[in-house]
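Engineer: coordinates for the following, if possible.
(one chain, ligands or ions: 1)
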Amino acid sequence: MLSQASGRLGFNVVILDPEENSPACRVSQGQIVAAYDNPTALQVLGKACQAVTFEFENVPARSVEILIEAGCEVAPGPRALAVAQDRVDEKSFLNSIKVPTTAFAAINDLGSLRAAVASLGAPALLKTRRQGYDGKGQAWIKADSGAARAWAAIGAQPAILEARAEFVRELSVICARGRDGDIAVYPLGENTHAGGVLKTTLAPANVGSQTKAQATRIARKILEGLDYVGVMGVELFEMPGGRLLVNEIAPRVHNSGHWTQDGCACDQFEQHIRAVAGWPLGPTAAHARVEMTNLLGNEIKAWKALAADPAVRIHIYGKREAKPGRKMAHINRILPLARSRPRSPGPARKS
Ligand code: AMP
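Structural biologist: Numbers count the residues shown, from 1 in each chain. Prediction:
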């Protein structure tokens, strides 16, 4: 989708991906099939391109440094990537710039986990520090006695223990910063998850102006704190009373921003390319309300009925195998842009 947006703006795109014929290669002008840390491949990529970006955060930060050393413009930069790759560094950074998160502790062994459960209280969520996504590498600790089981469940590796956020709902904000420091923020999305995986986003979310202003302040602090260039997704917990905590940041376009493809004149993909290329940022206002739904695994089989619905725009990724739980496509259901009254944050949800 980044490549499609680039093509529309007149750019050629070369993809570096370990997989032959990846979905992005189908819509790009060149491909390099190699590991993300292959030094020769990085040299070839750097020579071929004026600017380089990435679309998932498990690209090694060292690869970004190699490209920069070779004289390439890379955005977002290595600091944003490194911070987002480690859950302890990420939350420590957020707290250092006065962005609130749930209480947490760094975990290195079972002893430190037991001590953290005693101080944060149960229930609490144990997550691997690195490589976790979509609820993977996570285990709930329901009582003090559950520490050993959870430690084994995540593979006894460096981790973070997070106090449970008793949130009312999950929101996210997609924001962008240009090379000139200009910042653009999209309307908030309201997200539902199933099994730790994003299922739907409704945007613009039904939130009041104070919540919007709070999310914008948070986005601005993070973007400026990282001297960030590009689009970023910020996942938020809305707490009873309306306070927002940051769950995590994604240094890239984000699944909860897919609604912008059919709800905004300039979607998150074009916005990211504009930022990376040093263009002025595009407008972020919504011209429709959109409900985005991910199609996982075999749900893609419903494509024909969905494509027949005039209110639905379907975006299929072209992955060849529909493994269970794999994100295969998403639909954007276009709804009227209602002028509804903001919902006041009620009591915490029961979980
Ligand atoms: P993550 O991989 O960190 O985005 O977590 C996936 C999902 O787990 C989130 O979208 C929340 O629904 C839930 N979750 C993560 N961390 C917490 C927490 N500290 N308290 C309550 N729920 C959480």
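Engineer: use CA for all of it now, contacts and neighbours both
Structural biologist: OK.
Engineer: once you drop chain neighbours, what's closest to the closest residue to the ligand within the stretch 1-150 of the chain?
Structural biologist: The ligand sits closest to residue 135 of the stretch 1-150 of the chain, with a gap of 4.3 Å, by C-alpha to the nearest ligand atom. Nearest residue to residue 135, sequence neighbours excluded (C-alpha to C-alpha, 6 or more residues apart in numbering): residue 196, at 4.2 Å.
Engineer: and that neighbour, backbone torsions?
Structural biologist: The phi and psi values for residue 196, taken as degrees, to the nearest 10, are phi 80, psi 0.
Engineer: count of neighbours near it?
Structural biologist: Residue 196 has 12 neighbours, counted by other C-alpha atoms under 10 Å.
Engineer: do the one 4 residues further on as well
Structural biologist: Around residue 200 sit 23 other residues, with neighbours defined as other C-alpha under 10 Å.
Engineer: same question for residue 53.
Structural biologist: Residue 53 has 19 nearby residues by other C-alpha under 10 Å.
Engineer: for residue 209, same thing?
Structural biologist: 10.
Engineer: quick check: the gap between residue 44 and residue 25.
Structural biologist: 16 Å (C-alpha to C-alpha, to the nearest Å).
Engineer: equivalent analysis for residue 87, please.
Structural biologist: Taking C-alpha to C-alpha, one finds residue 87 at 31 Å from residue 25.
Engineer: the two: who's more crowded?
Structural biologist: Comparing residue 87 with residue 25 by other C-alpha under 10 Å, the one with more neighbours is residue 87, at 25 against 20.
Engineer: please name the residues that touch the more buried one.
Structural biologist: 128, 129, 130, 160, 248 (C-alpha atoms under 8 Å, 6 or more residues apart in numbering).
Engineer: how far away is it from residue 155?
Structural biologist: Per C-alpha to C-alpha, residue 87 is found 16 Å from residue 155.
Engineer: returning to that earlier point: just the buried ones from the contacts of residue 87, in ChimeraX syntax?
Structural biologist: Typed into ChimeraX, the line below selects the buried ones among the contacts of residue 87, using 16 or more other C-alpha atoms under 10 Å:
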select :128,129,130,160,248
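Engineer: now the contacts of residue 87 as TSV including distance to the ligand, pLDDT and secondary structure?
Structural biologist: Converted to TSV, those look like this (distance: C-alpha to the nearest ligand atom, whole Å; pLDDT from 0 to 100; DSSP: H, G, I helix; E, B strand; the rest coil):
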residue	distance to the ligand	pLDDT	secondary structure
128	10	96	strand
129	10	96	coil
130	11	94	coil
160	10	98	strand
248	6	96	strand
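Engineer: out of the contacts of residue 87, which is nearest to residue 109?
Structural biologist: Nearest to residue 109 among the contacts of residue 87: residue 160, at 10.7 Å, using C-alpha to C-alpha.
Engineer: hang on, isn't that closest one packed against residue 103?
Structural biologist: No. Here residue 160 lies out of contact with residue 103, judged by C-alpha atoms under 8 Å, at a distance of 10.3 Å.
Engineer: up against the ligand, what does the protein have?
Structural biologist: For the chain, the residues in contact with the ligand (C-alpha under 6 Å from any ligand atom) are 125, 133, 134, 135, 162, 163, 164, 165, 196.
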